[in-house]
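K.L.:
Predicted structure and sequence below. I'll ask about it afterward.
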Amino acid sequence: MTEQAAEARERRILGTELLWAFGVGVLIAAVLGVIVFTALTADINPPSNVERIDPKTLHLSGEFAEQNLGTTVGADGGVTVRVIATQFMFVPRCIAVPYGRRVTLRFATPDVIHGLLITGTNVNTMVVPGFVAQVYSEFTRAEDLLMPCHEYCGLGHSDMWATVQVLPESAFKPGQDGRVSCAQR
Ligand code: CUA
């Protein structure tokens, strides 16, 4: 091969490499763009709460004791939902939430890693033993939504799911103790 031919070949290779590098760069920028866009517009981002809890005692006292599970409206009007994810059920099995209001959802597990999502919403998190998983959402569909466990947690995994009942403000009535349960239908 002459020197010129070798040089021309080198240039061709360089050209192809640069073309691919540009293509990959565009792809990476597009993926990052979509992540930032959905985070800003649809509130879709990874849960970032780091809060420890002892999985051995969480059910005995404190906020995840049985009488504190479910939906509570605080003195300031803030709505907080507390749920335990355990093999193989969510406690409680039905969660009442208001329509069009910001809701704080807090999850903990006494056994293994679970995961959950609420269909059609931005709620999607892992529930890891030793940590409280906390996410926020505003429900914009007044209907019953499905909340399945989406992390394989054992033989009963496929039976592990709960219902999220999104209630209009007229039906979302906290009792004396500030608690709201699912409407019986
Ligand atoms: Cu819990 Cu799968």
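P.N.:
Received it, and whenever you're ready, just let me know what you need.
K.L.:
ok, now which ones touch Asn124?
P.N.:
115-118, 135, 150 (C-beta atoms under 8 Å, 6 or more residues apart in numbering). Backbone N, C-alpha and C define where each C-beta goes, glycine included.
K.L.:
got it, and Ala171?
P.N.:
Here Ala171 is in contact with Ala183 (C-beta under 8 Å, 6+ apart).
K.L.:
start at 53 instead
P.N.:
That works, and once the first residue is 53, the last one we named lands at Ala223.
K.L.:
Let me see the domain layout of the protein.
P.N.:
For the chain, the structural domains run 53-97, 118-232, going by automatic domain parsing.
K.L.:
Would you mind naming what in the protein lies close to the ligand?
P.N.:
Selection of the chain residues close to the ligand by C-beta under 6 Å from any ligand atom yields 137, 166, 201, 203-205, 209, 212.
K.L.:
Which pair in those has the greatest spatial separation?
P.N.:
Farthest pair in the residues of the chain next to the ligand (C-beta to C-beta) is Ala137 and Tyr204. Separation: 13.1 Å.
K.L.:
The two: who's more crowded?
P.N.:
Neighbour count, other C-beta atoms under 10 Å: between Ala137 and Tyr204, Ala137 has more, with 28 against 12.
K.L.:
Helix, strand, or coil at the more buried one?
P.N.:
Assigned with DSSP: H, G, I helix; E, B strand; the rest coil, Ala137 falls in the strand class.
K.L.:
do you know how far it is from Gly75?
P.N.:
Separation of Ala137 from Gly75 (C-beta to C-beta, to the nearest Å): 42 Å.
K.L.:
try Thr54
P.N.:
In this structure, Thr54 and Gly75 are 32 Å apart, going by C-beta to C-beta.
K.L.:
which stretches of this structure form helices?
P.N.:
Along the chain, counting by DSSP state H, helices occupy 55-93.
K.L.:
can you tell me which residue is nearest the centre of it?
P.N.:
Asn176 (2.1 Å; C-alpha atoms, centre = their mean).
K.L.:
Show me what that residue is bridged to.
P.N.:
Leu169 (DSSP bridges).
K.L.:
Show the pLDDT at it.
P.N.:
If you check Asn176, the pLDDT there is 94.
K.L.:
Might you list the low-confidence residue ranges for this protein?
P.N.:
Regions of the chain meeting the criterion pLDDT under 70 are absent.
K.L.:
Can you list the residue ranges for strands in it?
P.N.:
For the chain, applying DSSP state E gives strands covering 122-125, 131-138, 141-143, 146-150, 154-160, 166-169, 176-179, 185-190, 196-200, 213-219, 231-232.
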